[in-house]
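> here is a sequence with its predicted model. Questions after.
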Number of protein chains: 2
Amino acid sequence: MEAAERRATVLKAVVEEYVRTAQPVASQTVTDSRDLGVSSATVRNDMTQLEREGFLAQPHTSAGRIPTDQGYRYFVDHFTSAGGLPVGQRRAVADFFATTHRALEDLLHETSQLLAKLTSHAAVVVGPDADAVRVRSAQLVAIEPGTVLAVVVLGNGAIEREVLRSELNGEQIARASKAFDEAIRGGTLAPATQSATTGDQAADALVTDAIRTVTTRARHVSDHLYVGGVSRLAAEQDAFATTATTARLLEMLEEQVVVVSLVRDLLDHGVHVSIGSENDVDELRDCSIVLAPYQVEGALAGTVGVLGPTRMDYAQALAAVAAVSQQLGRLLLPSVS
Amino acid sequence: MEAAERRATVLKAVVEEYVRTAQPVASQTVTDSRDLGVSSATVRNDMTQLEREGFLAQPHTSAGRIPTDQGYRYFVDHFTSAGGLPVGQRRAVADFFATTHRALEDLLHETSQLLAKLTSHAAVVVGPDADAVRVRSAQLVAIEPGTVLAVVVLGNGAIEREVLRSELNGEQIARASKAFDEAIRGGTLAPATQSATTGDQAADALVTDAIRTVTTRARHVSDHLYVGGVSRLAAEQDAFATTATTARLLEMLEEQVVVVSLVRDLLDHGVHVSIGSENDVDELRDCSIVLAPYQVEGALAGTVGVLGPTRMDYAQALAAVAAVSQQLGRLLLPSVS
DNA sequence: CACTAGCAGTCGGTAGACTCGAGTGCTACC
DNA sequence: GGTAGCACTCGAGTCTACCGACTGCTAGTG
């Protein structure tokens, strides 16, 4: 084995050991657990070089090495070629998606919990950008005297509904409903200034109101973040500097919008794994994010992701998000859910 | 001042000081901050007696006293007579409810966050029991070929909707809709065995399906828990034994159903404050819960609550839940929102 | 030249000894 | 009943010594 190649193997071993034990990895540990055919002294030399190159770090002089963010990056880029999920987990995912029959919101929420359970880390599910979702159909329905429900079916199977007030009679509402459908069907929910002309001024007003309300709300909903397994973050405490760090993380997840735009941003740039300091957000300096988009009918419909400490089993996380995103997309495909 | 009366005052002082500082309270601290007209030695005697009676405890011999759960209980029962919220907070609550225009789900969620912000603790909002909510109106709406939406308006303003598959034509659906409305309007969503007879077998099947689906889902939704301010739990870490305790708390909150039934159970027994070991649930041994029901049109519509460490400002928490529950009920009253 | 054996050196972690001071409990007294 | 005063207790912080886990280096080997 060539020297450079061996160094890469050493790096791989250090990452794997450290992920497993959370302890700085000694040269001896590496030679014991891997069959490198060299002595610990040689590994030590490799380690010093890896440290010089920025892949490893030493918490203090007389300690083993731990990977730096750059070290994790190399590991992810070179040693996590698409491994599948272990059969047990693969089955769990299949079972989950075979047996659920939920409204979209609940499904996404429970998907986040599934992913959290699979990876033992916090998990997030992000819906698609409102601007990117097409309207499949729309209508207005009188549900009570004075109350109208705007119902919009979206391309990803989500059904938005919004309550409106209107004193119009049934016939007027029917007319408005038609106009409403024509105005936004096939388009996106971007807050545009579609207008309606039914010839009935009151109906027009209702349609305008409906469009405005629905687009506003769509924006709100599309920025929604489904978070599963927050308790894992608390359990991972020790990976973070202080308990305040955990608190700020939880706060950010409650904030939702920061995370949603972060996730979208990462994916826009084709990033699927973001490690520690690669994250611009301060709260995430000690965290890594592993993402996979899911698609419905070939169109990007959202993203599933795992949020954990940088010391994370990346191979497993990648396999998990891949499996979940794929199954989720498949489930959403045929039905309107 | 009589001796017994003074002891109560000492207890009050200890609770208030301990809540403020999180430090065991010394006899001297009490005499310094309150004008009792007695010396610290007397307070010490009172404290030993309060300890004998189980209201106070000593972390170790040479330390001040901290309240026991029983001590907090006495404090809550005797010294938290309905104080109002400070004007600033009162204003914040009023502003919040004056400016929000959200769907019910979002409103409840944001209400929990408001409450969390007010009290600096985690907050929960629980909807009403599905069995207790009356159906205001119900109908079926064709939204796409092959797809029917069941829409149910509930007494508390919530609008449940559920997607059904059906190949019936418009006329059949209209008939089924009427039967659906008649079958469940005015009743509750308890999973009963209402049946429909429209004379059209296919329509009947749709109605039965709709009833089944809606009642099932209603149960699911009514057990939903809105949680706000989970990050506060992490920040309150030090109040709990280990970080594992926090993790288990978060887990329980994610579980939802445990908390929901706990809250309902407490309120059924007229309990508004549950302190530490008074909670049967193990995870809550170090926590207290402060609850207030909110009502819509005179009927119990749900509960808002605060979840924090036993070392909590009970007077403030009580004032906050009272103010929020009252305003929330008022907001839900007139509109179907 | 690549690798290794061996050994000195470094540094965190733990245990024990010591001190400091906050706060009590008790006793004698008013 | 209330108080002053004092001895006593015990946690927390500091210092020291020591152990042991690892490294880095040097000298040596195929």
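Everything's here; your move. Numbering: from 1, shown residues only, chains lettered A, B, ... in the order given.
> from now on I want contacts and neighbour counts done on CA atoms only, so please keep to that.
Will do.
> isn't residue A:222 up against residue A:132?
No - the criterion here is Cα atoms under 8 Å, and residue A:222 misses it with residue A:132 at 10.0 Å.
> assign residue A:123 to helix, strand or coil.
Secondary structure assignment for residue A:123 (DSSP: H, G, I helix; E, B strand; the rest coil): strand.
> give me the nearest residue to it, chain neighbours excluded.
In space, not counting the residues next to it along the chain, residue A:123 is nearest to residue A:306; the distance is 4.3 Å by Cα to Cα, 6 or more residues apart in numbering or on different chains.
> for that neighbour, name its beta-bridge partners.
Under the criterion DSSP bridges, residue A:306 forms beta bridges with residue A:123, residue A:290.
> got a list of what it touches?
With contacts defined as Cα atoms under 8 Å, 6 or more residues apart in numbering or on different chains, residue A:306 is in contact with A:115, A:116, A:119, A:121, A:122, A:123, A:124, A:289, A:290, A:291, A:317, A:321.
> who's more crowded, residue A:222 and residue A:132?
For residue A:222 and residue A:132, the more surrounded residue by other Cα atoms under 10 Å in any protein chain shown is residue A:222, and the numbers stand at 18 against 15.
> tell me the bridge partners for residue A:273.
The bridge-partner assignment for residue A:273, based on DSSP bridges, gives residue A:290.
> what's the neighbour count on it?
22.
> one more: residue A:99?
Around residue A:99 there are 8 other residues, counting by other Cα under 10 Å.
> could you pull up the residues touching residue A:181?
Taking Cα under 8 Å, 6+ apart as the definition of contact, the neighbours of residue A:181 are A:137, A:138, A:139.
> pLDDT averaged over the host helix or strand of it - what is it?
Taking DSSP states H and E as the definition, one finds residue A:181 inside helix A:170-184. Averaged over helix A:170-184, pLDDT sits at 91.
> again, but for stretch A:117-124
Here the mean pLDDT over stretch A:117-124 is 97, rounded to a whole number.
> swap in stretch A:21-36?
Model confidence over stretch A:21-36, given as mean pLDDT, is 95.
> is it anywhere near DNA strand C?
No - Stretch A:21-36 stays clear of DNA strand C (Cα under 7 Å from any atom of the strand), getting no nearer than 8.5 Å.
> what about the residue nearest to residue A:123, distance to DNA strand C?
Between residue A:306 and DNA strand C the distance is 29 Å, computed by Cα to the nearest atom of the strand, to the nearest Å.
> got the contact list for the nearest residue to residue A:258 once chain neighbours are set aside?
Leaving aside its sequence neighbours, residue A:258 sits nearest to residue A:252 (Cα to Cα, 6+ apart; 6.9 Å). Counting by Cα under 8 Å, 6+ apart, residue A:252 makes contact with A:258, A:259, A:283.
> the last one against residue A:247, yeah?
No - counting by Cα under 8 Å, residue A:283 sits too far from residue A:247 to count as a contact (9.7 Å).
> more neighbours: which of these two?
Counting neighbours by other Cα under 10 Å for residue A:283 and for residue A:247 shows that residue A:247 has the greater number, 24 against 18.
> burial count for residue A:4?
Neighbours around residue A:4, by other Cα under 10 Å: 10.
> any idea how many residues pack against residue A:301?
Each residue near residue A:301 was counted by other Cα under 10 Å, and the total is 22.
> out of the contacts of residue A:306, who's nearest residue B:36?
residue A:122 (52.3 Å; Cα to Cα).
> show me what contacts the closest one?
Residue A:122 neighbours (Cα under 8 Å, 6+ apart): A:115, A:116, A:227, A:228, A:229, A:230, A:231, A:232, A:233, A:306, A:307, A:308.
> could you measure from the third one over to DNA strand C?
Applying Cα to the nearest atom of the strand, one obtains 33 Å for the distance of residue A:227 from DNA strand C.
> tell me which helix or strand that residue sits in.
Mapping residue A:227 onto the secondary structure by DSSP H and E places it in strand A:225-228.
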